[in-house]
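Q: dropping a prediction and its sequence here:
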Amino acid sequence: MVGAVPPATPAPPVSPTVPLPRRAPEASAHVRRWYENELGWATVPGDPVLLSVGLRFDVLDVPMEAGIAALRHLRPGSPVAVCGGRMWLLAAPGSAEELPGLLDWLEWGALSPDVMAIGPGGLVQAPPPAEPGAVAAGLSGAGARPGRPGALQGAAWLRPPVPGCEVEASLPTLSALGGVQDAPDLVRVVETVATQCHRIRLRRAGAQPLAFS
């Protein structure tokens, strides 16, 4: 068409003359520094911060109610975390390997799905650093079991680790108990946890209506 005006070409975007403000350091950086520098625990890259299991500690993953019953067998400085209705009892490396045989020896092998362990190659979410004795808010917050997809919400320290206190001394493996007097051991902890898991199962079974009712 004669005299038609061609469409205007969009102007190229103008680069801002003022630099964008820097983002504040993410909380994960602080968490990672605390674990690596203060505790000497290995983490893996990424956000949220994940802890490598099997190097400085193994994890006994038990139902919350059962874990609470076992706390009396742990020394005050024994690290304990919670996540999504589960409790993580940190034990000496090698404990995860000993757990299946220990459950069988205690005749609680059928409770293996309830009492689990995470060992070498496993990962757990790093709970935010907390002051000793402080129970993090949202204790019953959402979260799945560690080591599985979606298990990255709600982890919190119930008994946070203390720099300079080794997990091996707070909950040693069976093979390390020979020369340690009055040390908590896996036998008492696992026996208490397994007994409580059995009670939970019986209570749940009793609460379910019979099939013919």
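A: Received the coordinates, thanks. Predicted, not measured: the structure shown is a model, and the values here were computed from it.

Q: so what does the helix or strand of the chain with the lowest mean pLDDT touch, helix or strand wise?
A: Lowest mean confidence among the helices and strands of the chain (mean pLDDT, DSSP states H and E): helix 167-170, at a mean of 72. With contacts taken as 3 or more C-beta pairs under 8 Å, 6 or more residues apart in numbering; DSSP states H and E, helix 167-170 sits against strand 86-91. C-beta: built from backbone N, CA, C; applies to glycine.

Q: which residues does the strand it packs on contact?
A: 57-64, 66-68, 70, 74, 78-82, 124, 143, 145-146, 155, 158, 161, 167, 170-173, 186, 189 (C-beta atoms under 8 Å, 6 or more residues apart in numbering).

Q: top helix in this structure by residue count?
A: Counting by DSSP state H, the longest helix found in the chain is helix 186-207.

Q: what's in contact with that helix?
A: For helix 186-207, using C-beta under 8 Å, 6+ apart, the contacting residues are 60, 62-63, 65-67, 69-70, 72-74, 89, 91, 95, 98-99, 102-103, 106, 108, 111, 114-115, 171, 173-174.

Q: still on that earlier bit, looking at the contacts of strand 86-91, which are in helices?
A: Per DSSP H, these map to helices at Met64, Ala66, Gly67, Ile68, Ala70, Val167, Ser170, Leu186, Val189.

Q: how about the nearest residue to the second one, chain neighbours excluded?
A: Okay, so that is Ala66. Gln196 (3.8 Å; C-beta to C-beta, 6 or more residues apart in numbering).

Q: near that neighbour, how many other residues are there?
A: 21 (other C-beta atoms under 10 Å).

Q: distance of it relative to Gly121?
A: 28 Å (C-beta to C-beta, to the nearest Å).

Q: can you count the residues close to Ser78?
A: Neighbours around Ser78, by other C-beta under 10 Å: 21.

Q: ok, now which ones touch it?
A: Leu89, Leu90, Arg159, Val167, Ser170, Leu171, Pro184.

Q: again, 6 Å this time
A: Ser78 makes contact with Ser170, Leu171, according to C-beta atoms under 6 Å, 6 or more residues apart in numbering.

Q: distance check, it against Gly119.
A: Distance from Ser78 to Gly119, by C-beta to C-beta: 18 Å.

Q: swap in Leu103?
A: On the measure of C-beta to C-beta, Leu103 and Gly119 end up 15 Å apart.

Q: sounds good, over and out.
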